[in-house]
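> The following comprises the amino acid sequence and a computationally predicted model.
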Amino acid sequence: QLYATKTTREFFMTQGGIGNVILAYKPGVHREPNVLNMLKQGKLDLVINVPDSMDSQALSEGFKMRRAAVDSGTPVLVVIKTA
């Protein structure tokens, strides 16, 4: 299964030709499936973190996702700007 946040999901479905992408909510959204909870439960095998903007909210959410991935032992791929 492939999980992605909203913008990434839209990209995969429209540009990547991948139709079965499950929406995963960002840390600031209190809905399920939530990326942080999925990481804590060991449900994700890899996190790819590429922020779509460099504003403070995007950077903060990205940090929370990366931190949770590291804490759960999940491999993380990031762009150099946020590393």
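Yep, that arrived. Predicted model only: the values in this text are computed from it and were never measured.
> How many residues are close by the nearest residue to A4 once chain neighbours are set aside?
Here the nearest residue to A4 in space, its sequence neighbours aside, is V21; by CB to CB, 6 or more residues apart in numbering that works out to 5.2 Å. In short, each C-beta sits where N, CA and C put it, glycine included. Burial of V21, expressed as a neighbour count using other CB atoms under 10 Å, amounts to 17.
> Repeat that for A69.
Burial of A69 is recorded as 22 neighbouring residues (other CB under 10 Å).
> distance from the centroid: which residue in the chain tops it?
Farthest-out residue of the chain from its mean C-alpha position, per CA atoms, centre = their mean: G17, at 19.2 Å.
> Give me the helices and strands touching the lengthiest helix in the chain, please.
In terms of residue count, the longest helix belonging to the chain (DSSP state H) is helix 56-72. Here helix 56-72 is seen to pack against helix 35-40, strand 47-49, strand 76-78 when contacts are counted using 3 or more CB pairs under 8 Å, 6 or more residues apart in numbering; DSSP states H and E.
> can you redo the ones you listed as CSV with distance to R67?
As requested, the helices and strands packed on helix 56-72 are exported to CSV (distance: least, CB to CB, whole Å):
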stretch, distance to R67
helix 35-40, 9
strand 47-49, 11
strand 76-78, 10
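> circling back to that earlier point, report the buried residues of the longest helix of the chain.
E61, G62, K64, M65, R66, A68, A69, S72 (16 or more other CB atoms under 10 Å).
> is it true that the residue nearest to A4 touches F11?
No - V21 is not in contact with F11 according to CB atoms under 8 Å; the separation is 9.2 Å.
> hang on, the earlier thing: put together JSON lines for the helices and strands packed on helix 56-72, with distance to Q57 and mean neighbour count on each row.
As requested, these are exported to JSON lines (distance: least, CB to CB, whole Å; neighbours: other CB atoms under 10 Å):
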{"stretch": "helix 35-40", "distance to Q57": "15", "mean neighbour count": "19"}
{"stretch": "strand 47-49", "distance to Q57": "14", "mean neighbour count": "18"}
{"stretch": "strand 76-78", "distance to Q57": "17", "mean neighbour count": "14"}
